[in-house]
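Trainee: Predicted model follows, preceded by the sequence.
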There are 2 protein chains.
Amino acid sequence: MTDASPIDAPRIGADAAYQGTPGAFSEDAALALLGPGAVLRPCRTLEDVFDVVAGGEARCAVVPVENTLAGAVPGCDDLMGRHDVRIVAERVQHIAHALIAPPGTGIDEVTRVLSHPVALAQCRRFLDAHPQMAAVPVFDTAGAVAEIVAGEQRGAAAIASRRAATVYGGVVLAGEIQDHPGNFTRFLVLKAGAAPEEFHAGCKTSLVCVLANQPGALARGIQAFATHGLNLSRIESRPIPESPFEYTFYLDVDPAPSADAIRDAIAELRACSRSLRVLGHYPV
Amino acid sequence: MTDASPIDAPRIGADAAYQGTPGAFSEDAALALLGPGAVLRPCRTLEDVFDVVAGGEARCAVVPVENTLAGAVPGCDDLMGRHDVRIVAERVQHIAHALIAPPGTGIDEVTRVLSHPVALAQCRRFLDAHPQMAAVPVFDTAGAVAEIVAGEQRGAAAIASRRAATVYGGVVLAGEIQDHPGNFTRFLVLKAGAAPEEFHAGCKTSLVCVLANQPGALARGIQAFATHGLNLSRIESRPIPESPFEYTFYLDVDPAPSADAIRDAIAELRACSRSLRVLGHYPV
């Protein structure tokens, strides 16, 4: 365990909130987006991040929404639907995993590897090739590095970013150990308040909608975009707790050729929806 | 920790494999589907369940695919896409959570509550109303009961099914503690081998497809079902590791009015797909 956890230090007026501990991939993304001098506020959970930005305690939030190996980040879409926030930018970040140990540990001594289950799953081939290493699922990649270094745990290593090794004084025993070099996470930058329904050519659009309870509503709603020459880059369905086996859809629409095209397509989708909200319209 | 973990006991020729420890919700579903005399094989991971059924070590598998509060069960769709299995039946099971402690523990003594993060999230209102109880995420609901009862952990409780209390000798301190009474999980029954492409009126159909890389392919593919009077009850997108930001779609089609309708709709979807496989065509 680390002492004086930075997660508990309140920091009013931060530039950006993110989920995790220093050294987390979300912190990497925030620094890349806002510059190395940004004042960042680490939060314990993704829900805390949304509360902090919606409540005005940070000027923006940087949150992971999907990963090219694991898919949608659990909880992110639901939190976006529930909070008064808007998307103002996105960033696709390359995710590279390293095997990190306390100083003095050799790779042959490692018998336990701590990391988030998603990170463990992304490094399966490496772990299969080292059968003496037992995978131990924990809830935070950078936090696992902090734990094994501070505890000087014999035979323990963690999977996290190279930067987490620097932050906590760990040693990289092996780099780029993920199965697929093409491992990317898409991050969103959120600000408080609703997105204005003003559209521009060349901007991407994110929407959340609940379709009308009519047969074919999904087909009609999606057709609206095709009719106007717009491609959907993402469609994510999330359950509605009060209505078993009905779904809220989160849609991303590729940059529009014209403001009219996206405005008209949204109007047509709205006509076959019980509710629809524009989550953001932002440059890519 | 429990001794002589039943997970490690090989049992060739089981009736059904499931993920978890005895007392798990998946075991409930398997017993409800196959009868109380069924010989069940608990597996540590969902991946093990698929390997066991695809390899012929169990006659079928019972796996959770989606929950009405949490959404898609992580990993299940991907595993279905990768394994030579077919869906032969489904069952929707009500999920009720109980707070379980070792005998002799009073509810006012509980300071730590262990459970899977999804179960903890489903009982948030109960936990908020009992602020002295700290939520501790672990990887198995029934396993958490086994752990706190066997360890006689002072002040510890677990959230799991009432049956897990019976299996491990725990005491139910509070029942039905989930936020929403309408908490359901949809389970699938899988068998080894591909689904025959033979269609019948009144049967539900599950499909997996990768759309052709053409604008509007998703709209055309979904329109094929609307044209034939078929409603899509579920659409789930999963990333393709080798192709960042492209997706595999898992579709469920409501029972068809005729065999021709579903056969023709699938042919039209196939025409705008790079690959398409029928995962199952089964009565509901």
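Mentor: Cool, the structure landed.
Trainee: Mind splitting chain A into its structural domains?
Mentor: With domains defined by automatic domain parsing, chain A comprises A:7-94+A:183-192, A:98-174, A:203-283.
Trainee: And those domains: which comes nearest residue B:74?
Mentor: Judged by Cβ to Cβ, the one of the domains of chain A that comes nearest to residue B:74 is domain A:7-94+A:183-192, at 7.3 Å. Using the backbone N, CA and C atoms, a C-beta is placed for each residue, glycine as well.
Trainee: about what we covered before: so for residue B:223, which of the domains of chain A sits nearest?
Mentor: Between residue B:223 and the domains of chain A, the tightest spacing by Cβ to Cβ is seen for domain A:203-283, at 5.0 Å.
Trainee: The nearest residue to residue A:195 once chain neighbours are set aside: which element?
Mentor: Among residues not flanking residue A:195 along the chain, residue A:86 sits closest, at 3.8 Å (Cβ to Cβ, 6 or more residues apart in numbering or on different chains). Per DSSP states H and E, residue A:86 falls inside strand A:85-94.
Trainee: Check which residues of that strand are buried.
Mentor: Neighbour counts over strand A:85-94 (16 or more other Cβ atoms under 10 Å in any protein chain shown) mark A:85-87, A:89-90, A:93 as buried.
Trainee: ok, now stretch A:217-230?
Mentor: For stretch A:217-230, burial by neighbour count (16+ other Cβ under 10 Å) applies to A:217-226, A:228, A:230.
Trainee: same question, stretch A:116-126
Mentor: Within stretch A:116-126, judged by 16+ other Cβ under 10 Å, the buried ones are A:116, A:118-123, A:126.
Trainee: Sheet partners, orientation included, of the helix or strand following the strand holding residue A:86?
Mentor: Counting by DSSP H and E, the next helix or strand C-terminal to strand A:85-94 is strand A:98-101. The strands beside strand A:98-101 in its sheet (DSSP bridges) come out as strand A:156-160 (antiparallel), strand A:171-174 (antiparallel).
Trainee: Mean neighbour count and mean pLDDT added to those, as JSON lines?
Mentor: Below are the strands paired with strand A:98-101 laid out as JSON lines (neighbours: other Cβ atoms under 10 Å in any protein chain shown; pLDDT from 0 to 100):
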{"stretch": "strand A:156-160", "mean neighbour count": "28", "mean pLDDT": "97"}
{"stretch": "strand A:171-174", "mean neighbour count": "17", "mean pLDDT": "97"}
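Trainee: To residue B:31, which of those strands lies closest?
Mentor: strand A:156-160 (37.5 Å).
Trainee: What lies in contact with that closest one?
Mentor: For strand A:156-160, the surrounding residues in contact (Cβ atoms under 8 Å, 6 or more residues apart in numbering or on different chains) are A:23, A:97-102, A:105, A:110-115, A:119-120, A:123, A:133, A:141-142, A:144-145, A:147-148, A:164, A:170, A:173, A:177.
Trainee: among those residues, which are in strands?
Mentor: A:98-101, A:112-115, A:173 (DSSP state E).
Trainee: Identify the farthest-apart pair in these.
Mentor: A:98 and A:112 (16.3 Å).
Trainee: Comparing the two, which shows the higher neighbour count?
Mentor: Set side by side, residue A:98 and residue A:112 show more neighbours around residue A:98, with 24 against 16, by other Cβ atoms under 10 Å in any protein chain shown.
Trainee: Distance check, the more buried one against chain B.
Mentor: Distance, residue A:98 to chain B, by Cβ to the nearest Cβ, to the nearest Å: 19 Å.
Trainee: same question, residue A:202
Mentor: Distance from residue A:202 to chain B, by Cβ to the nearest Cβ: 17 Å.
Trainee: which bits of the stretch 51-200 of chain A sit near chain B?
Mentor: The stretch 51-200 of chain A comes close to chain B at residues A:66-71, A:74, A:137, A:139, A:179-180, A:182, A:184, A:186, as judged by Cβ under 8 Å from any Cβ of the partner chain.
Trainee: Might you list the low-confidence residue ranges for chain A?
Mentor: Scanning chain A with the threshold set as pLDDT under 70 gives A:1-12.
Trainee: so where's the longest helix in chain A?
Mentor: helix A:259-271 (DSSP state H).
Trainee: could I get that helix in CSV with only the CA atoms?
Mentor: Only the C-alpha atoms of helix A:259-271 are listed here, as CSV (Å, rounded to 0.1, in the frame of the first residue of the first chain):
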residue,chain,number,x,y,z
ALA,A,259,-24.3,20.9,-41.1
ASP,A,260,-27.6,20.2,-42.8
ALA,A,261,-26.9,16.5,-43.2
ILE,A,262,-26.3,15.8,-39.5
ARG,A,263,-29.1,18.2,-38.4
ASP,A,264,-31.7,16.4,-40.7
ALA,A,265,-30.5,12.9,-39.7
ILE,A,266,-30.8,13.7,-36.0
ALA,A,267,-34.4,15.1,-36.6
GLU,A,268,-35.4,11.9,-38.3
LEU,A,269,-33.9,9.7,-35.6
ARG,A,270,-35.7,11.9,-33.0
ALA,A,271,-39.0,11.2,-34.8
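Trainee: Now it: buried residues?
Mentor: A:261-262, A:264-266, A:268-270.
Trainee: Excluding chain neighbours, what is closest to residue A:236?
Mentor: Residue A:236 sits nearest to residue A:250 (Cβ to Cβ, 6+ apart), 4.3 Å away.
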